[in-house]
Structure formats: C-alpha cells, structure tokens
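**Student:** fold the following.
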Amino acid sequence: MSTLMKIVRDPATAEDLAHDAYIRVCRAVEVSPIDQVEAFLHQTARNLALDHERRRRVRARFEPESVAQDAIEQVPSDSPSVEAVVIERERLRLFEQVFETLPERARRVWVLAHLEGWSYAQIAAHLGIARNTAYNDVKLVMMRCHDALMSLDRD
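**Tutor:** Residues are numbered from 1 along each chain as shown. Okay, here's the model as predicted:
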C-alpha cells in the first residue's frame with residue numbers, strides 16, 4: 001500500500017488500486033499457479049498505479065482541474081421539461097384511445113409488425129390473411145394515429 005501511496009498520493013485511490021490488484025491476482029492464480037504470489041501482487045499493484053497516473057496526466061492536459069460553478073449550471077439538462085412530459089402523456093393517452101377504437105385484427109397486425117418486428121409475410125401466414133391485408137391494417141392504424149395527432153396539434 002505504501003508503494004501505491006508514493007505513486008498516486010491519494011489514500012482512496014491507493015486503496016481502490018490495491019483492491020483491483022488483489023482481484024487480478026486471485027483471478028490469475030485460478031488460471032495457473034504463481035510461484036511468488038506476493039511479488040506478483042506487488043508488481044500488479046505498481047503497474048495499476050502507474051497506469052492510473054499516466055491516464056490522470058493525459059486527462060489533465062485536456063480537462064480543466066476545476067470547473068466554475070456557474071459553468072456547471074449553464075450545462076443544459078437532458079431531462080425533458082415538465083411541459084414536454086405533459087404533452088407526451090397527452091399524446092400517449094390519445095394514441096391509446098385511438099388504438100382501442102380500431103378493429104382487433106388491425107391492432108394485432110400493428111403489434112406484430114411494430115412491437116414484435118415481424119414482416120408482413122410472417123404476419124399474413126400467422127393470421128391467415130393476405131400480405132396486402134396486413135399492410136393495409138398497419139396503414140389504417142398509422143393513418144388513424146396521424147389524424148388524432150393532427151387534431152391534437154390543431155387544438
């Protein structure tokens with residue numbers, strides 16, 4: 001552990017590296033016997049520490065050590081806004097309503113095509129309908145959903 005502390009100069013990092021080295025040595029011993037396990041552990045830990053420091057130095061050249069709090073606050077959130085969530089919930093509710101009004105076969109065909117990833121030929125064979133019928137059922141579902149979405153946008 002003292003060797004690691006000399007290299008990384010951080011107790012938490014040294015502890016993590018010592019743990020990683022121990023795990024690697026345990027895995028290596030399972031694969032084949034090691035004559036001098038202690039020396040192997042020491043060298044593994046040292047190599048991990050040197051690799052860690054090398055990566056830290058490379059990162060330090062490209063990443064600033066500290067970032068001002070106002071710079072962090074300027075980073076936009078990738079979470080949707082409350083308004084966007086409400087709009088999407090409304091759209092989903094509308095799609096569910098439209099979906100419930102469709103004929104059963106059209107719903108089954110759409111689920112098989114869009115959720116299960118089946119081809120129209122597979123759906124046709126499975127349901128005992130023509131391939132074009134499967135295509136037209138999906139087209140019907142898509143048209144009804146599109147019309148519902150357009151009515152929502154007009155309101």
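
**Student:** counting contacts, what elements does the least confident helix or strand in the chain by mean pLDDT pack onto?
**Tutor:** The helix or strand of the chain with the poorest confidence is helix 69-73; it has a mean of 73 (mean pLDDT, DSSP states H and E). Helix 69-73 sits against no helix or strand, with contacts defined as 3 or more Cβ pairs under 8 Å, 6 or more residues apart in numbering; DSSP states H and E. C-beta: built from backbone N, CA, C; applies to glycine.

**Student:** what's the next secondary structure element after that helix?
**Tutor:** helix 82-101 (DSSP states H and E).

**Student:** buried set for that following helix?
**Tutor:** 95, 98-99 (16 or more other Cβ atoms under 10 Å).

**Student:** not counting its neighbours along the chain, what's nearest Ala14?
**Tutor:** Leu4 (3.9 Å; Cβ to Cβ, 6 or more residues apart in numbering).

**Student:** does that neighbour count as helix, strand or coil?
**Tutor:** When classified by DSSP: H, G, I helix; E, B strand; the rest coil, Leu4 comes out as helix.

**Student:** any idea how many residues pack against it?
**Tutor:** 23 (other Cβ atoms under 10 Å).

**Student:** equivalent analysis for Asn136, please.
**Tutor:** Neighbours of Asn136 using other Cβ under 10 Å come to 15.

**Student:** then Ala68?
**Tutor:** Ala68, neighbours per other Cβ under 10 Å, totals 9.

**Student:** rewinding a little: how about the residue nearest to Ala14, what does it touch?
**Tutor:** 13-14, 17-18, 45-46, 49 (Cβ atoms under 8 Å, 6 or more residues apart in numbering).
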